[in-house]
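Undergrad: when you get a sec, could you give me coordinates for this:
(chains A and B)
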Amino acid sequence: MQKLAFATWNINSVRLRIDQVVEFLKIWAPDVLALQETKCPPGQFPTRKLREVGYEHVAECGQKGYHGVAIVSRHPLEDVQSHNFCGMGDARHVSAVVRGIRVHSLYVPAGGELPDPDRNPKFAHKLAFLAEMREWLKAEAAAANPVVLMGDLNVAPYECDVWDHRRLLRVVTHTPVETDALKGILAESGMVDVVRRHIPAPRKIFTWWSYRGKDDWSRLDKGRRLDHVWTDPALAETSSNVEIVRTTRGWTRPSDHVPVMVRFGAQRVPAQQGGKNVRR
DNA sequence: ATGACGATTCAAAATCGA
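TA: Numbers count the residues shown, from 1 in each chain, chains lettered A, B, ... in the order given. Prediction:
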């Protein structure tokens, strides 16, 4: 099993924060970085600064102003695809094959303020997106193996994915209709929530802290886990560790999300997959 | 209940984020 490290980060404008992306790549050195909210029209991606630090390959799906996703890689990217969820053409997905692994970068709609699909079209869109994602990912997981899905899924599925479960039950990202949908998508796909494989419940994990809390985000720690890494079960077995890179939230003019990183190619290989030295 | 902050956009106030 080859050693590989994958990371995902909602960067909230890749052009504004390209120096932070470069700093992250230099220090943490993942093989592949999935980005969301690039807010970058096609052709304006800051590829030069990425190339200078060894990341020569970029698959992007962007538009002006909003959303936008990308995959940045040290290794060649093959068979780039983009699924047009809900037929909206709003640049929320890109995927490519890296070293034989199908890698997805996905940005699920935020869903607006009011968790009522009849009165809030944005929430209706989010639910429709999640419904489409269920069938789409089931097919993707069956068709491509190995496979990694990374991104800002804008849902904190478990109680330990938010700072206060009871207070957030009626807040978009943690309402039961959303958390049930995301758990259903994961189960139906047969994929594994790799971060929770290494940091099981009830340990709290957050990847996002609101901009509206001023300078006390770390002390108050009112966060949510919105950013996820899922893989097929066999690849998950080879994951050696995960890292929530909280450090970047303390940088000057940070994104409100932090990177989530997973390392594969482990020390721990299950005996039944161990090859010629395995006794049966 | 409200607003707190931050990025983007035919450039001032609106929209989006979550």
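
Undergrad: what residues does the worst-scoring helix or strand of chain A on mean pLDDT touch?
TA: Sorting the helices and strands of chain A by mean pLDDT, DSSP states H and E puts helix A:217-220 at the bottom, at a mean of 93. Identification of contacts with helix A:217-220 by CB atoms under 8 Å, 6 or more residues apart in numbering yields A:Trp209, A:Ser210, A:Gly213, A:Gly223, A:Arg246, A:Arg249, A:Gly250. (Glycine included, C-beta is placed from N, CA and C.)

Undergrad: repeat that for 7 Å
TA: A:Trp209, A:Gly213, A:Arg249, A:Gly250 (CB atoms under 7 Å, 6 or more residues apart in numbering).

Undergrad: and the two most separated of the residues you listed?
TA: Pairwise distances across those (CB to CB) peak at 12.8 Å, for the pair A:Gly213 and A:Gly250.

Undergrad: out of those two, which sits in the busier spot?
TA: Legend: neighbour count by other CB atoms under 10 Å for A:Gly213 and A:Gly250, higher for A:Gly213 (15 against 11).

Undergrad: elements contacting the longest helix anywhere in chain A?
TA: Ordering each helix of chain A by length in residues (DSSP state H) puts helix A:121-143 first. Applying 3 or more CB pairs under 7 Å, 6 or more residues apart in numbering; DSSP states H and E, we find helix A:121-143 packed against strand A:147-152, helix A:176-189.

Undergrad: report how many residues lie close to A:Pro115.
TA: 21.

Undergrad: next, give phi and psi for the nearest residue to A:Ala110 once chain neighbours are set aside.
TA: Nearest in space to A:Ala110, with sequence neighbours left out and distances taken as CB to CB, 6 or more residues apart in numbering, is A:Asn154 at 5.4 Å. Per-residue torsions, A:Asn154: phi 50, psi 30 (degrees, to the nearest 10).

Undergrad: tell me the spacing between A:Asn154 and A:Tyr107.
TA: 8 Å (CB to CB, to the nearest Å).

Undergrad: A:Trp217 too?
TA: 22 Å.

Undergrad: A:Asp152 now?
TA: Counting by CB to CB - A:Asp152 and A:Tyr107 are separated by 5 Å.

Undergrad: overlap in contacts, these two.
TA: With CB under 7 Å, 6+ apart, A:Asp152 and A:Tyr107 have common neighbours A:Gln36.

Undergrad: which stretches of the stretch 1-150 of chain A have low pLDDT?
TA: Counting by pLDDT under 70, the ranges of the stretch 1-150 of chain A that qualify are A:1.

Undergrad: residue numbers of it in contact with DNA strand B?
TA: A:10, A:12-13, A:15-16, A:37, A:39, A:41, A:64-67, A:109-113, A:122 (CB under 7 Å from any atom of the strand).
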